[in-house]
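Undergrad: Any chance you could fold what I've pasted below:
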Amino acid sequence: MGGVNVDALGAMLEEEARVADALAGVLRDERQAIVALQADTLLDCLARREALQEQLQALAQRRHAFLAGACGEPPPRVVALLPSLPPPAQRRVREAVRRLRRSLLAVRAGERQNRALASASLETTAELLHGLQALLPGTRYGADARLAPPAPIESLDRRA
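TA: Sure, this is the predicted structure:
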């Protein structure tokens with residue numbers, strides 16, 4: 001492992017895990033906003049989610065550059081470096097990697113749950129619209145979530 005600063009690497013992995021944990025929390029908030037139909041909260045969650053995803057990507061790129069600088073290109077995976085570390089450093093880095101993996105799994109699970117919930121919500125909305133259109137032919141559903149029934153026949157002009 002030669003030139004790799006184990007303390008710096010451990011701190012980088014821990015910082016990535018903290019950001020991933022924050023992202024998992026935002027995904028939980030996003031899911032609650034979807035269920036509660038809170039559009040403003042959902043938009044806030046989406047903005048926070050995007051910022052945290054960008055931050056997580058930047059941290060991963062920083063770690064990649066750090067390992068490339070210490071070990072050369074292409075940089076090794078962190079777990080590939082473990083055998084070359086002394087036992088105390090191995091334990092610290094291994095635990096940091098495990099924590100990051102757990103955090104990223106929580107993010108992945110949250111994204112999957114939110115995607116399924118949003119998909120189910122859209123399917124339900126489409127089914128409701130289809131049912132309403134069958135009951136009220138010609139009715140449209142506007143972007144403002146209001147039904148616009150067709151004009152009554154009495155109000156139509158013969159010239160139309």
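
Undergrad: Just the buried positions in stretch 108-128, please.
TA: 110, 111, 114 (16 or more other CB atoms under 10 Å). For the C-beta atoms, the positions are set from N, CA and C on the backbone; glycine is no exception.

Undergrad: Same question for stretch 6-20.
TA: Buried-residue list, stretch 6-20, by 16+ other CB under 10 Å: 6, 9, 10, 12, 13, 14, 15, 16, 17, 19, 20.

Undergrad: tell me the contacts of the residue nearest the centre of the chain?
TA: By CA atoms, centre = their mean, the mean C-alpha position of the chain lies nearest to residue 111, the distance being 5.0 Å. Residue 111 makes contact with residue 27 under the criterion CB atoms under 8 Å, 6 or more residues apart in numbering.

Undergrad: Run the chain-centre distance for the host helix or strand of it.
TA: Secondary structure from DSSP states H and E places residue 111 in helix 87-135. Centroid separation for helix 87-135 versus its chain: 7 Å, with CA atoms, centre = their mean, to the nearest Å.

Undergrad: same check, this time on stretch 83-92
TA: 33 Å.

Undergrad: pLDDT of it, averaged?
TA: Stretch 83-92 carries an average pLDDT of 89.

Undergrad: buried residues in it?
TA: Going by 16+ other CB under 10 Å, stretch 83-92 has these buried residues: 85, 89, 90, 92.

Undergrad: May I ask which two of these are separated the most?
TA: Checked with CB to CB, the buried residues of stretch 83-92 reach their widest spread between 85 and 92, with 8.7 Å between them.

Undergrad: what residues do the two have in common as contacts?
TA: residue 6.

Undergrad: rewinding a little: between the buried residues of stretch 6-20, which is nearest residue 119?
TA: Distances from these to residue 119 were compared by CB to CB; the smallest belongs to residue 20, at 23.8 Å.

Undergrad: In space, what's closest to residue 66 - neighbours in sequence excluded?
TA: Distance criterion CB to CB, 6 or more residues apart in numbering; nearest residue to residue 66, sequence neighbours excluded, is residue 12 at 6.5 Å.
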